[in-house]
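Q: Next comes the sequence, and after it the predicted model I'd like to discuss.
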Amino acid sequence: MPKFLMKRWHGYHVILLFAISVLFIGILTYYDWRPGIAGFILLAAALVLVIRARIHFERDLADYISTLTYRVNKAGEKAVTQMPVGMMLYNKEREIQWTNPYMQQMMKQDLTGVSMDRIADDLIESVNEKKRSFFLTVKEENYRVVHEPDERLLYFLNATEEQEFKEKFEREKTVIAFIYLDNYDEVTSGLDDQLRSKLLSHVTEALNRWSQKHEMLIRRTSSDRFIAVFNESTLEALEAGRFTLLDEVREITYEEKVALTLSIGIGSGEPSLRELGSLAQSSLDLALGRGGDQVAIKEKNGKVRFYGGKSNATEKRTRVRARVISHAVRDFIRESSKVYIMGHKNPDMDSIGAAIGMLKIAEANGKEGYIILDPDDVNQSVRKLLKEVEQQRELWARFISPDEAREEVTEDTLLLVVDTHKPKLVQEPKLLDKVERTIVIDHHRRGEDFISDAVLVYMEPYASSTAELVTELLEYQPRQPQVNTLEATALLAGIIVDTKSFAIRTGSRTFDAASYLRGRGADTTLVQKLLKEDLDHYVKRSKLIEQAHIYSGGMAIARGYADETYGQVLIAQAADTLLTMNDVIASFVISKIEDGRLSISARSLGDVNVQIIMEKMNGGGHLTNAATQLEDITEEEAEELLKEKIDEYFKGGQS
């Protein structure tokens, strides 16, 4: 405690003691005046001493305050003039009124009276937004700026080293990658040991060269799996190089007449090694779900970046997975009270056909099945199919509206989603939250947006259609479903539509599925009747094709009239027709659809991965068949954006 405060504390004790003494002497004088007089004399002497002490106390207090004020002022003056912190006052017009010497030294000039943008271009913008703290680059130095808006005062603290340490930390953060040989077992199953060893040796050498070039640790964990550990700066270099390892491995194995590809799942942005491993595995699952031959990079915030994926998915040679999935679906159906089936909005033949097929599986296992469908949201060919279905009362009774489904759903209802895996595209998204068990069956390459918590996912990007997958599930049901002619025809129509009459994305199993359906009475003549179009529709499509032009390298782009809307099916058909023209390797049709949005349908023969281009525009689909919908954009702007994404693709952009 300071001495003057101690003196003040002691002074209170003296006053109290003086009062007690006066009282005591007064009582003493009452009984005997002589000792009382002596007491008063002594008390007066003590009072004089106290007053003198008080005078000294006041003088010491004044000296202390004076010294402290001087020191505080001196410290403040040194802080403003000598500390390595820039200070600046500005007026309402964003002109500099005053700067301290350090600020002048920092800028090497007197800034009084000049505009604040002389310091940095974005300084006024940050000040106008009343940011309390922000970073600014001044004279190639990084500064943390602390802003006091009420005082119109800015502090500039040099944060160059801080930024350098932060950047170094970000660059050196650990990244984990899981590397998988997509179809190793299928490719090598028929090879002799010497050729298999030679093939794996080539791949391992390519991986080792890759790891040495980028200073990463890579270890083999099984015959077809590797794990790699590196840092963020290496990842940045790999992304800049667009992961040429994928092309290198594809070329090496092609020389051996073998179609072997790599998929890589990478986890980054997470300090925990356990979490990085989970992200890497999730990324690998995503890459494989999209058909393989690509890299998926997943960060802690859930964002995913894709590279590669420019080769078509390889058809699997085994039906084991189809049989296992078929039995698993049967078990889930038997454990449920009822089964709801739904496809995507504005369903096509593949979606409706697959839904009818799953309905037959539910009935074969003794459960009530219902197909969720909005009759007002169907195209012309599906409407024709529904008219045929209406003639079969028992089958038509199994179609319900989304509103009916929401009212009747129970906790033990099983929901089957076919021909899509994106929550926002299903017939009734609210049902996804109401049911506890959902099964997803789809043939599209998996995207970032996916139905969460599905109890079973059957996604095979190699398949021609979801109808093909469902047909195989029908084949492997222990209790064979009774499929009539119309039901088999609906499934076959789905395959025919998605393969463009077996012209694209057609494998041996596609024909096996078609043969099975034909054996169950599928009527190809009825399929042709369902797919017929009227003359007005044909003419309208022809006018849309008439607007086409070749952009670059065989990219055909057609743009609809601004004052006219087109159906989604018509746009897709126009893209298919353009693809049949000479020197066209990919086609894109841009047009406004009924709901006011702008739609782009994209098609290719396989040399161009249109899915990658459409994903850059928030769409998706297949390597040869993709689309997207855009809002708040004109046809001209959409075409310019499309051309920009096409250019990025051919420059080696990410998928």
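A: Yep, that arrived.

Q: nearest residue to residue 104 other than its sequence neighbours?
A: residue 110 (5.9 Å; CB to CB, 6 or more residues apart in numbering). No exception for glycine: its C-beta is placed from N, CA and C like everyone else's.

Q: Could you confirm the one you found falls within a strand?
A: No. With DSSP: H, G, I helix; E, B strand; the rest coil as the criterion, residue 110 is coil rather than part of a strand.

Q: so how many other residues sit close to it?
A: Per other CB atoms under 10 Å, the neighbour tally for residue 110 reads 11.

Q: next one: residue 353
A: Neighbourhood size, residue 353 [other CB under 10 Å]: 35.

Q: Could you shift the numbering so residue one becomes 300, and keep it that way?
A: Got it, the first residue is 300 from now on, which makes the last one we talked about residue 652.

Q: any idea how far the strand or helix carrying it is from the chain center?
A: Using DSSP states H and E, residue 652 sits in helix 648-663. The chain centroid and the centroid of helix 648-663 are separated by 32 Å under CA atoms, centre = their mean, to the nearest Å.

Q: what's it packed up against?
A: helix 619-633, strand 637-641, strand 667-671, helix 679-689, strand 712-717, helix 765-774, helix 784-797 (3 or more CB pairs under 8 Å, 6 or more residues apart in numbering; DSSP states H and E).

Q: Any chance of these in a markdown table with distance to residue 867 as columns?
A: Shown next, in a markdown table, are the helices and strands packed on helix 648-663 (distance: least, CB to CB, whole Å):
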| stretch | distance to residue 867 |
| --- | --- |
| helix 619-633 | 30 |
| strand 637-641 | 18 |
| strand 667-671 | 19 |
| helix 679-689 | 11 |
| strand 712-717 | 18 |
| helix 765-774 | 18 |
| helix 784-797 | 13 |
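
Q: I'd like to know how far the residue nearest to residue 403 sits from residue 400.
A: The gap separating residue 409 from residue 400 is 10 Å, by CB to CB, to the nearest Å.

Q: Okay, now the unreliable bits of the stretch 400-549 of the chain?
A: Nowhere does the stretch 400-549 of the chain drop to pLDDT under 70.

Q: That one: helices as residue ranges?
A: 400-406, 422-427, 459-470, 483-487, 492-512, 531-539, 544-554 (DSSP state H, counting those that start in this stretch).

Q: wait, which of these is closest to residue 521?
A: Closest approach to residue 521 among those (CB to CB): helix 483-487, 9.6 Å.

Q: got the contact list for residue 676?
A: Taking CB atoms under 8 Å, 6 or more residues apart in numbering as the criterion, residue 676 is in contact with 644, 645, 646.

Q: mind running it again at 6 Å?
A: By CB atoms under 6 Å, 6 or more residues apart in numbering, the contact set of residue 676 is residue 645.

Q: And it, its phi and psi?
A: Note on residue 676: its backbone torsions stand at phi -120, psi 60 [degrees, to the nearest 10].

Q: Distance check, it against residue 450.
A: 60 Å.

Q: Determine the number of other residues adjacent to the nearest residue to residue 432 once chain neighbours are set aside.
A: Distances taken as CB to CB, 6+ apart place residue 445 nearest to residue 432, at 5.6 Å, with adjacent residues excluded. For residue 445, the number of neighbouring residues by other CB under 10 Å comes to 16.
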